[in-house]
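> Generate coordinates for the sequence data below:
(one chain, ligands or ions: 1)
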Amino acid sequence: MAISEYQVTGMTCGHCEMSVREELGRVAGIEQVEVSATTGKLVVTTSEPVDDAAVLAAVQEAGYRAVRV
Ligand SMILES: [Cu+2]
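Residues are numbered from 1 along each chain as shown. Next up is the predicted model:
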């Protein structure tokens with residue numbers, strides 16, 4: 001199990017958080033997602049190694065930008 005942190009820009013409300021959660025839910029290996037539109041903080045817990053690129057792509061798919069912290 002590993003925990004990775006990202007900073008997301010562009011989220012404004014709970015719907016944004018939900019969109020990010022939804023897209024990340026499609027990525028294999030992701031166990032848990034904590035995301036805050038207020039702080040832009042995204043914490044992803046994985047059960048197996050997941051590429052940063054896959055996480056960043058999912059966030060982008062949701063319509064936001066993320067960088068690894
Ligand atoms: Cu929103």
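
> Spell out the residue ranges of the helices in the chain.
For the chain, the helices defined by DSSP state H cover 14-24, 52-62.

> check whether the first one contacts the ion.
Yes: among the residues of helix 14-24, 15-16 lie within reach of the ion under Cβ under 5 Å from the ion. For the C-beta atoms, the positions are set from N, CA and C on the backbone; glycine is no exception.

> Please list the outside residues in contact with that helix.
8, 10-11, 30, 33, 35-37, 42, 44, 55, 58-59, 61-64 (Cβ atoms under 8 Å, 6 or more residues apart in numbering).

> Give the buried residues for it.
Buried residues in helix 14-24, counted by 16 or more other Cβ atoms under 10 Å: 16-17, 19-21, 23-24.

> Wait, Ser4 touches Arg68, no?
Yes: counting by Cβ atoms under 8 Å, Arg68 is a contact partner of Ser4 at 6.9 Å.

> Okay, buried residues for stretch 34-46 please.
35, 37, 40, 42, 44, 46.

> The last one and Met1 touch, don't they?
Yes: under the criterion of Cβ under 8 Å, Thr46 makes contact with Met1 at 6.8 Å.
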